[in-house]
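>>> Mind folding the following:
(2 chains)
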Amino acid sequence: MQIKMKESDPILEVENLSASTDNLPILKGVSLTVYPGEIHAIMGRNGCGKSTLSKIIAGHPSYNITNGDIKYLGENINSLEPEERSQSGIFLGFQYPIEIPGVSNLEFLRVSTNARRKFLNKEELDTFDFEELVKEKLEIVKMDHAFLSRSVNQGFSGGEKKRNEILQMALLEPKIAILDETDSGLDIDALRIVASGIKKISNAQTGIILITHYQRLLDEIKPNYVHVMSDGKIIKTGESDLALELEEKGYEWTDNFIKET
Amino acid sequence: MVNENLVKDVVKEPYKYGFVTDIETEKIEKGLNEDIIKLISQKKEEPKFLLDFRLKAFKKWQKMKEPDWAALGYKKIDYQDIIYYSAPKQKEKISSLDEVDPKLLETFDKLGIPLTEQKKLTNVAVDAVFDSVSIATTFREELAEHGVIFCSISEAVKNHADLIEKYLGTVVPASDNYFAALNSAVFSDGSFVYIPKGVTCPMDLSSYFRINSGDSGQFERTLIIAEESSSVSYLEGCTAPMFDTNTLHAAVVELIALDDASIKYSTVQNWYAGDEEGIGGIFNFVTKRGKCLGKRSKISWSQVETGSAITWKYPSCLLLGEESVGEFYSVALTNNLQQADTGTKMIHIGPKTKSTIVSKGISAGSSKNSYRGLVKMGTKATGSRNYSQCDSMLIGDQASANTFPYIKSQQPNSEIEHEASTCRISEDQLFYLQSRGIEFEEAVSMMVSGFCRDVFNQLPMEFAAEADKLLALKLEGSVG
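I've put the predicted structure just below:
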């Protein structure tokens, strides 16, 4: 429960959201509100619905919303296409970034960035201007320029894929970023690069949702709130120390909350 | 699923070139027999050797059977129900473009091929073929200054009979196959190109084939001869109106490259493909073959096949000359109920010959797309090499793709490499691109052009851009 009075309007409001795929219910009434400047962490066992929640917020067509609403900047976005959500500033960092053979990473990043810029009534960038911008952003994730000439994510290592996701986040400058297990498969150095990248990109106007299994990302990026999900519901919300407690006691500990509710 | 329907929506773009030009035409009666062939030959005022060539071909055709080995299914063609000669009525002799029926000029204008002096394309010479006849050829004088002959084959028969008699049917003999025999008997028009020794053709040459009449077949014949150390780039485009009947198109293209000569032949084929239920569309049965006769000669085929209800086409190279090179770059896109059985034959006869095959098949809707290719190393093809790469992409779950590579080697000292792959545009890939703000259709077309990149890189510049656009158009509404 968020008791504090907020000065600004929320970026994202998920209200009592239920969703299913192939008639199988996955989310069973999730509520979550993110205000500017906030970092939320969502934790929970595999299969609890964390990733599904992130995909539904981004508009994945395989899931049907059976009840509830997703509001972004006060507007219901339940029926918006994924590209419209992205253009308006919702970003999903994929747990498993997808390989797209034959499509150059540079061109992909440019088309994507321009789609967002067009929405913001900013001038679209030609190849030369985009090169300048992307060079600057590559610094944030310490990526080599050579990544740009390869096909999107093709042949990238796990860590390179994740850094490419953060590069996209840096280019798109979203209002809200949902990062689905961005820390998984990263060694300590890569984790630090990714975490510092996320911190550089976010500010007092942006909201972040970190989906993770581990405390180690939360050591780098301290969340304001930690939510524990189980069986398609948020069963407990606390402050950052909840993650530490969870790390110590394991998910079995959270099973008690389910019995309580 | 939501996305399934979306994919189906993407290929529904209406065919832009489906209009019919209302023009008075001279047609002969339906059917095929010796008298019809004599009539065609007579209308074209042909020399006797050509009439004999036609009649011989007809005799052979009568003894042949329509091939049924291709992975295609279609209603039997009634060859007596086709008109074999149809020409727009115009003055007997046309000395300049001003005398061409404005309706015809307008038709080609609409197709993006302006022919008149003021508007004609500046960097390409065009031969425009309407049903059975060639309407106009641009830049003839300019080309003549370089000794390049570019005209309709009918004119070539009149003005360069020696070259026709020497080369016609030497690459694709009349008896080669059923459709080649039919073409040899009834061919009406087409383009003729002759590049003299040592000349690099100063501009791209192009033929534009337009079928207008619904009940007549189009049987064009193209012959390109590149003398020693010459080179030419030739482009071919095709469209047809939308009719609910099938129209037969059986063309023959012969290329001959002598010592150190090179011919690059590019096709963008966009014949009417029929509607979503598979009604109408062109039956495209084409024999294209190049003969690398000279040492170090090179013939390169590139094709973008997007139209026709049925495509049966295997642009091939006979590599006779030592160190001669054959290439085949192909993108074949099928959608709805289209069927394509296409590929190439690389016949290595001379020593140290080299061939490259890159084939990209894209099947959407309920279409069927097969690659069929033969690589043969003859006994004398020592030190020869072939590399083949055949990739298929499936869009949706109703489309099918096949690859039939045939490899025959009689020469142990030669190398043949074959790679093949099949992929599907997955919902996850589309979602990934969409979640980065890229519209659904743009996402599909980005992936398709990425898939075709290796082939598009081989096309002449203007053609590559056109091909990219054409594929995007064809796929609009088809993916979901």
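>>> wait, what's in contact with whichever residue of the stretch 101-250 of chain A sits closest to chain B?
Residue nearest to chain B within the stretch 101-250 of chain A: A:Gly102 (2.6 Å; C-beta to the nearest C-beta). All C-beta spots, glycine's among them, are computed from the backbone N, C-alpha and C. Residues in contact with A:Gly102, defined by C-beta atoms under 8 Å, 6 or more residues apart in numbering or on different chains, are A:Ser151, B:Met447, B:Ser449, B:Gly450, B:Phe451, B:Cys452, B:Arg453.
>>> same check, this time on B:Gly31
B:Gly31 neighbours (C-beta under 8 Å, 6+ apart): B:Gln80, B:Asp81, B:Ile82, B:Tyr84.
>>> picking up where we left off before, can you tell me the closest non-neighbouring residue to the residue of the stretch 101-250 of chain A closest to chain B?
With sequence-adjacent residues excluded and distances taken as C-beta to C-beta, 6 or more residues apart in numbering or on different chains, A:Gly102 is closest to B:Gly450, at 2.6 Å.
>>> so who does the one you found touch?
Counting by C-beta under 8 Å, 6+ apart, B:Gly450 makes contact with A:Ile100, A:Pro101, A:Gly102, A:Val103, A:Ser104, A:Ser151.
>>> and if you look at B:Gln389?
B:Gln389 sits next to B:Ile357, B:Val358, B:Ser359, B:His418, B:Glu419, B:Ala420, B:Asp454 when contact means C-beta under 8 Å, 6+ apart.
>>> Let's see that with 10 Å instead.
B:Thr356, B:Ile357, B:Val358, B:Ser359, B:Lys360, B:Glu417, B:His418, B:Glu419, B:Ala420, B:Ser421, B:Asp454 (C-beta atoms under 10 Å, 6 or more residues apart in numbering or on different chains).
>>> Near chain A, which residues of chain B? Just list them.
Chain B comes close to chain A at residues B:1-6, B:360, B:391, B:393, B:421, B:423, B:425-440, B:442-443, B:446-454, B:480, as judged by C-beta under 10 Å from any C-beta of the partner chain.
>>> Give the ChimeraX command for selecting the buried subset of those residues.
The ChimeraX command for the buried members of the residues of chain B next to chain A (criterion: 16 or more other C-beta atoms under 10 Å in any protein chain shown) is given here:
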select /B:3,6,360,391,393,425,427,429,430,431,432,433,434,435,436,437,438,439,440,442,443,446,447,448,449,450,451,452,453,480
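>>> so of the residues of chain B next to chain A, which ones are in helices?
The helices, defined by DSSP state H, take in B:2-6, B:427-434, B:440, B:442-443, B:446-454 from those.
>>> one step back: what phi and what psi does the backbone show at the residue of the stretch 101-250 of chain A closest to chain B?
The phi/psi pair for A:Gly102 (degrees, to the nearest 10) reads phi 90, psi -20.
>>> tell me the strands in the stretch 1-150 of chain A, going along the chain?
In the stretch 1-150 of chain A, the strands defined using DSSP state E, counting those that start in this stretch lie at A:12-21, A:24-34, A:39-44, A:64-72, A:75-76, A:90-93, A:100-104.
>>> Can I get the first one in CSV, CA atoms only?
C-alpha atoms of strand A:12-21 as CSV (Å, rounded to 0.1, in the frame of the first residue of the first chain):
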residue,chain,number,x,y,z
LEU,A,12,1.6,4.1,-14.7
GLU,A,13,-1.5,2.6,-13.0
VAL,A,14,-2.2,-1.0,-13.2
GLU,A,15,-5.6,-1.6,-11.7
ASN,A,16,-6.9,-5.0,-10.7
LEU,A,17,-5.5,-6.5,-13.9
SER,A,18,-6.4,-10.1,-14.9
ALA,A,19,-5.1,-11.6,-18.1
SER,A,20,-4.9,-15.0,-19.8
THR,A,21,-3.3,-16.7,-22.7
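>>> in it, what's buried?
A:Leu12, A:Glu13, A:Val14, A:Leu17, A:Ser18, A:Ala19, A:Ser20, A:Thr21.
>>> same check, this time on the fourth one
Taking 16+ other C-beta under 10 Å as the basis for neighbour counts, the residues of strand A:64-72 that come out buried are A:Asn64, A:Gly68, A:Ile70, A:Lys71, A:Tyr72.
>>> Between the residues you listed, which sits nearest chain B?
Using C-beta to the nearest C-beta, A:Asn64 comes nearest to chain B of the buried residues of strand A:64-72, at 8.6 Å.
>>> B:Ala70: neighbour count?
Neighbours of B:Ala70 under the rule other C-beta atoms under 10 Å in any protein chain shown: 19.
>>> Make sure I have this right: it is in a strand.
No: per DSSP: H, G, I helix; E, B strand; the rest coil, B:Ala70 lies outside any strand segment and is coil.
>>> residues contacting it?
B:Ala70 makes contact with B:Phe285, B:Ile310, B:Thr311, B:Trp312, B:Tyr314, B:Gln339, B:Ala340, B:Asp341, B:Thr342, B:Ser370, B:Arg372, B:Phe404, according to C-beta under 10 Å, 6+ apart.
>>> And it, how far from B:Thr287?
Distance from B:Ala70 to B:Thr287, counting by C-beta to C-beta, to the nearest Å: 13 Å.
>>> end-to-end on stretch B:407-423?
End-to-end span of stretch B:407-423 (C-alpha to C-alpha, to the nearest Å): 24 Å.
>>> which parts of it are buried?
Going by neighbour count (16+ other C-beta under 10 Å), the buried part of stretch B:407-423 is B:Ser409, B:Gln411, B:Ser414, B:Ile416.
>>> in chain A, which spans are helices?
Going by DSSP H, chain A shows helices at A:50-58, A:82-87, A:105-119, A:127-141, A:158-172, A:188-201, A:215-220, A:241-249, A:252-260.
>>> Export the ones you listed as JSON lines, with columns for distance to chain B.
Converted to JSON lines, the helices of chain A look like this (distance: least, C-beta to the nearest C-beta, whole Å):
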{"stretch": "helix A:50-58", "distance to chain B": "5"}
{"stretch": "helix A:82-87", "distance to chain B": "4"}
{"stretch": "helix A:105-119", "distance to chain B": "3"}
{"stretch": "helix A:127-141", "distance to chain B": "14"}
{"stretch": "helix A:158-172", "distance to chain B": "6"}
{"stretch": "helix A:188-201", "distance to chain B": "15"}
{"stretch": "helix A:215-220", "distance to chain B": "21"}
{"stretch": "helix A:241-249", "distance to chain B": "27"}
{"stretch": "helix A:252-260", "distance to chain B": "30"}
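>>> Of all those helices, which one comes closest to B:Phe58?
When the helices of chain A are compared by C-beta to C-beta, helix A:105-119 sits nearest B:Phe58, at 53.8 Å.
>>> on that earlier part again, so of the contacts of A:Gly102, which two are at opposite extremes in space?
With C-beta to C-beta as the measure, no two of those lie farther apart than A:Ser151 and B:Cys452, at 13.6 Å.
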